[in-house]
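Engineer: 3D, please:
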Amino acid sequence: MIDYNLLLRVLQQHTTFILTTHVNPDADAVGSVLAMHRFLTKLGKEVRVIIYSRMPDFLRFLDEDNVIEQYSHESHFDPITRADALIALDFNRFDRISVMSEVIPAMSGVKICIDHHQDPEQSFDYIFSDTMLCATGHIMFNFLEHTALFPIDKSFAEPLYAAIMTDTGSFRFERTTPEVHRIAARLLEAGVVPNHTHMMIYDQNHLGKLHLLGNALINIQLRGDKSDLGIMILRQSDFQSTGTREDDTEGFINQMMSIESVRVGLKFIELPNGFKVSLRSKGTIPVNILAGKFGGGGHINASGIRFRQNQLDEKFDEIVTAALQFLQEYNNEQFV
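Structural biologist: Numbers count the residues shown, from 1 in each chain. Sure thing, here's the model as predicted:
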């Protein structure tokens, strides 16, 4: 259980804050940092939100005040190192913020983690984490409700609804509990219009993204005796030919997971430097264990791996072989 009273005391003890989240932020990451930014601003604190990646276009509607800044070493080294506190939201390992992590050793302020993923690194001064909650936005809602310093109005509700809706797969993943639905109801009562939020996140595609999805779908591979391993590969040539970026692949792996036989899915993305793998699973198959074999991590049903020193073709066969072996180990009645 998270000690929300301790979290509040820590926040009240400091004046200047830097908020950040992981590379290629999703709605949970963006929604959580914006909710914390609004809370600290209402407390009268000095707050900046700095993230490594460019903000995804489909999430810009959440940041109406344009408070999120893209990291620049020249512009942000001094503010980060001089801040009283850095709050890491929706990640628990500093390698998830890429080269921005190089600034962390120069910080004199406290480092605070607010997250719901497993296996946090121990370089934080405070860790407020609950892996049983559906999203970091869920933690932020509980914190706002517990402290009750400010009403949860629409300025809080919309980013938190976006966070929770997306991290529960539109309220269908395992951690979609009755409590989660009650929270969603509270957020709707605060002014969230659910079809608008869903439309802004999922229905603002451009033609290039659909062409990229077409490339991804037509090249899906099924492996294993039961065709239970799905593989999707996107290369730099796919992005260049369709005029798209890595963040345009959001949700692609879910299309592959809709194949009836697929129980584990791997989405490989070739990057200018290295590559990454997104992992998904059905039921109780813990793909975070598979990701951990290659230095990655995440949730039971959704995890990731990032390779910076290897090219995709150098590791592809090894990862696929490990995934097939992993599926065979868990291919019994316990995990059906």
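Engineer: Help me confirm that Gln255 comes into contact with Gly214.
Structural biologist: No. Gln255 lies out of contact with Gly214 (C-beta atoms under 8 Å); the separation is 10.7 Å. C-betas here are computed from N, CA, C, even on glycine.
Engineer: okay, these two: which has more neighbours?
Structural biologist: Gln255 (16 against 12; other C-beta atoms under 10 Å).
Engineer: And the helix or strand harbouring that one, what does it pack against?
Structural biologist: If you go by DSSP states H and E, Gln255 is part of helix 252-257. Applying 3 or more C-beta pairs under 8 Å, 6 or more residues apart in numbering; DSSP states H and E, one finds that helix 252-257 makes contact with helix 207-218, strand 229-234, strand 264-270, strand 275-281.
Engineer: Quickly find the element holding the closest residue in space to Thr21 that isn't next to it in sequence.
Structural biologist: Spatial nearest neighbour of Thr21, chain neighbours left out: Ala29 (3.9 Å); criterion: C-beta to C-beta, 6 or more residues apart in numbering. Assigned by DSSP H and E, Ala29 belongs to helix 27-42.
Engineer: Could I get the buried residue list for the helix or strand following that helix?
Structural biologist: For helix 27-42, the following helix or strand on the C-terminal side (DSSP H and E) is strand 46-51. Buried positions in strand 46-51, judged by neighbour count with 16 or more other C-beta atoms under 10 Å: Val47, Arg48, Val49, Ile50, Ile51.
Engineer: Quick one: closest of the helices and strands packed on helix 252-257 to Tyr71.
Structural biologist: strand 275-281 (18.7 Å; C-beta to C-beta).
Engineer: Give me the contact list for the top helix by length along the chain.
Structural biologist: The longest helix of the chain (DSSP state H) is helix 312-330. Residues outside helix 312-330 that contact it (C-beta atoms under 8 Å, 6 or more residues apart in numbering) are 223-224, 228-229, 231, 233, 235, 263-264, 266, 268, 270, 275, 277, 285-286, 289-290, 293-294, 305, 307.
Engineer: ditto for stretch 144-162
Structural biologist: 4-5, 8, 27, 30-32, 34-35, 38-39, 42-43, 59, 62, 137, 140-141, 184, 186-188, 190-192, 194, 197, 201.
Engineer: Same check on stretch 205-217?
Structural biologist: Against stretch 205-217 from outside (C-beta under 8 Å, 6+ apart): 232-234, 238-239, 241-244, 248-249, 252, 255-256, 267.
Engineer: Please pick the buried ones from these.
Structural biologist: 232-234, 238-239, 242, 244, 248-249, 252, 255-256, 267.
Engineer: Looking at those residues, which has the smallest pLDDT value?
Structural biologist: Note: of those, the lowest pLDDT belongs to Asp248, at 92.
Engineer: show me what contacts that one?
Structural biologist: Gly208, Lys209, Leu212, Phe239.
Engineer: For PyMOL, write a command that selects the buried ones of those residues.
Structural biologist: Per 16+ other C-beta under 10 Å, the buried members of the contacts of Asp248 correspond to this PyMOL selection:
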select buried, resi 209+212+239
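Engineer: Max pairwise distance over the contacts of Asp248: which two?
Structural biologist: Lys209 and Phe239 (10.5 Å).
Engineer: Any idea how far apart the tips of stretch 156-176 sit?
Structural biologist: The straight-line separation of the ends of stretch 156-176 (C-alpha to C-alpha, to the nearest Å) is 20 Å.
Engineer: Give me the distance between that stretch and the centre of its chain.
Structural biologist: 12 Å (C-alpha atoms, centre = their mean, to the nearest Å).
Engineer: mind listing what's buried in that stretch?
Structural biologist: Buried residues in stretch 156-176 (16+ other C-beta under 10 Å): 156-169, 173, 175-176.
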